[in-house]
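In: I would like the atomic coordinates for the input below:
(one chain, ligands or ions: 1)
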Amino acid sequence: MTQTEPKVSTTVDFSVDGKHHGHLSIPHSRNDSGWGAVHLPIVSIRSGDGPTLVLTGGNHGDEYEGPIALMKLARSLDVEEIDGQVIIIPALNYPAVLAGHRVSPLDGVNMNRAFPGRRDGTVSSMIAHFVYQKILPLADAVLDIHSGGKTMMFSPFACYHRLPDADLMEKAKQAVLAFAAPVSLELVELDAEGMLDTAVEELGKVFIGCELGGGGTTTTGTVSIAEVGVRNLLSHFKIINEPPQSLEDRGLPPTRMMHMPDSGCYVISDDAGIYESLIDLNSPVEVGDAVGQVHFPRNPELLPVVYRVERPGILVGRTHKALVESGDFLALIAAEM
Ligand SMILES: [Zn+2]
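Out: Got it, this is the predicted structure:
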């Protein structure tokens, strides 16, 4: 074994046609299992020479639309109905998903800051390394399903990133429109280094992201957006031969195309206290409008600090937790394109 080969092994041969449920085996020696390993479920469904779509959920362990929609897809998608390959990882940060935590309880690592990973790193880092070395090279496109987690809540959106490569960005945008979420967002990340998104894009492949809700739970609506969205992407990449389901087909308004002109779209707390949202998701805002205020439970005589927006637009994301610290995310404003 060379020093670049992953220490992670897999029971699935991704070069073979058919439907294969298996796992990655990540070495994890510990007090209660000296020669132990983490077995992380992975599914390959392959037939013919069409494109390869990689679908991941559970990158953050407290976001559930991805694992639910992808487990359903893994059971329901027949090899006879596809041309190409679908690689499904319902729980990318598997230990975090089992614990219901955003980051792994084994090493405290946020999977979406662990890429491209290390062959001799912690469990999370070894998972990232295997995905980077062995899965992403097979992919034409990657969808990573997020949904806010316990601390955030979003107006359901699918997103692509503003990229220097105009051709790649246009391909990602068309895939996002095919996914058909209520909002389609051109996103600027606060902290892009180490993300799966960035790793995929730097390999010149199409990356589609989403944030489908949050609060550490799901709704019938957000799960449906994920389920329809993944099949729509299979249609978009011509892996399945069925027409995509538009929002209009489902009796919903057309997608709202939005963007984030700069990082001023994020409202971040400078205070620690109790956050009171003053407007609800999807509310329009003008420059200077208040989105919320932080109260000080130790000093009830103090007036709360009011947080105002620097950009006009629409509130598409907010903190879900009320008890905030300095540096915490409070709100995300996006503008219609
Ligand atoms: Zn997430």
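
In: On the pLDDT front, check the residue nearest the centre of the chain for me.
Out: Geometric centre of the chain, nearest residue: His146, 3.0 Å, by Cα atoms, centre = their mean. pLDDT for His146: 98.

In: just the one 5 residues further on next, same as before
Out: As predicted, Thr151 sits at a pLDDT of 98.

In: Tell me the residue of the stretch 201-337 of the chain that sits nearest the ion?
Out: When scored by Cβ to the ion, the stretch 201-337 of the chain has Glu211 as its residue closest to the ion, at 7.1 Å. All C-beta spots, glycine's among them, are computed from the backbone N, C-alpha and C.

In: which ones are touching the residue nearest to the centre of the chain?
Out: Asn59, His60, Glu63, Gly66, Gly209, Cys210, Glu211, Leu212 (Cβ atoms under 8 Å, 6 or more residues apart in numbering).

In: Take those residues and keep only those in strands.
Out: Judged by DSSP state E, strands contain the following of the contacts of His146: Gly209, Cys210, Glu211.

In: how about the first one, what does it touch?
Out: The neighbours of Gly209, taking Cβ under 8 Å, 6+ apart as the test, are Leu143, Asp144, His146, Ala158, Cys159, Tyr160, His161, Leu187, Asp197.

In: Among these, name the least confidently predicted one.
Out: Comparing the contacts of Gly209 by pLDDT, Leu187 comes last, at 91.

In: my read: that one touches Ala158, true?
Out: No - here Leu187 does not reach Ala158: they are 9.9 Å apart, not a contact under Cβ atoms under 8 Å.

In: So these two - more neighbours on which side?
Out: Ala158 (29 against 21; other Cβ atoms under 10 Å).

In: Any idea what the more buried one is bridged to?
Out: Ser184, Cys210 (DSSP bridges).

In: and the residue sitting furthest away from the middle of the chain, what are its phi and psi?
Out: What lies farthest from the middle of the chain is Glu301; by Cα atoms, centre = their mean that is 41.3 Å. Main-chain torsions, Glu301, degrees, to the nearest 10: phi -70, psi -20.

In: what's the answer for Gln85, then?
Out: Main-chain torsions, Gln85, degrees, to the nearest 10: phi -140, psi 140.

In: for Gly288, same thing?
Out: phi 90, psi -10.

In: What is the neighbour count of it?
Out: 9.

In: Just to check, it is in contact with Tyr307?
Out: No - using Cβ under 8 Å, Gly288 makes no contact with Tyr307, being 11.1 Å away.

In: what sits against Asp197?
Out: Neighbouring residues of Asp197 by Cβ under 8 Å, 6+ apart: Asn112, Asp144, His161, Glu189, Phe207, Gly209.

In: The third one: what's its closest spatial neighbour, skipping adjacent residues?
Out: Meaning His161. Once flanking residues are discounted, His161 sits nearest to Leu187: 5.6 Å by Cβ to Cβ, 6 or more residues apart in numbering.

In: how about that neighbour, what does it touch?
Out: Per Cβ under 8 Å, 6+ apart, neighbours of Leu187: Cys159, Tyr160, His161, Arg162, Gly209, Met260.

In: The second one: neighbouring residues, count only.
Out: Residues within reach of Tyr160, counting by other Cβ under 10 Å, total 26.

In: residue boundaries of the strands in the stretch 51-200 of the chain?
Out: 52-56, 84-89, 141-146, 152-154, 157-161, 183-187 (DSSP state E, counting those that start in this stretch).

In: Now those in JSON lines, please, with extra columns for distance to the ion.
Out: As requested, the strands of the stretch 51-200 of the chain are arranged in JSON lines below (distance: least, Cβ to the ion, whole Å):
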{"stretch": "strand 52-56", "distance to the ion": "11"}
{"stretch": "strand 84-89", "distance to the ion": "14"}
{"stretch": "strand 141-146", "distance to the ion": "3"}
{"stretch": "strand 152-154", "distance to the ion": "8"}
{"stretch": "strand 157-161", "distance to the ion": "12"}
{"stretch": "strand 183-187", "distance to the ion": "13"}
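
In: These: which one's closest to Ser29?
Out: strand 84-89 (23.4 Å; Cβ to Cβ).

In: Centre of the chain to the closest one, how far?
Out: 17 Å (Cα atoms, centre = their mean, to the nearest Å).

In: go on, stretch 248-262?
Out: Using Cα atoms, centre = their mean, the offset of stretch 248-262 from its chain centre is 18 Å.

In: quick revisit: of the contacts of Gly209, closest to Pro297?
Out: His146 (31.2 Å).

In: Specify the beta-bridge partners of the closest one.
Out: Applying DSSP bridges, one finds that His146 bridges with Glu211.

In: interface residues of this protein facing the ion?
Out: His60, Glu63, His146 (Cβ under 5 Å from the ion).

In: Run a quick check on Gly48 versus Gly84, I expect a contact.
Out: Yes - at 6.3 Å, Gly48 counts as touching Gly84 under the criterion of Cβ under 8 Å.

In: of those two, who's got more company?
Out: Gly84 (19 against 11).

In: partner residues bridging that one?
Out: Here Gly84, judged by DSSP bridges, has bridge partners Ser47.
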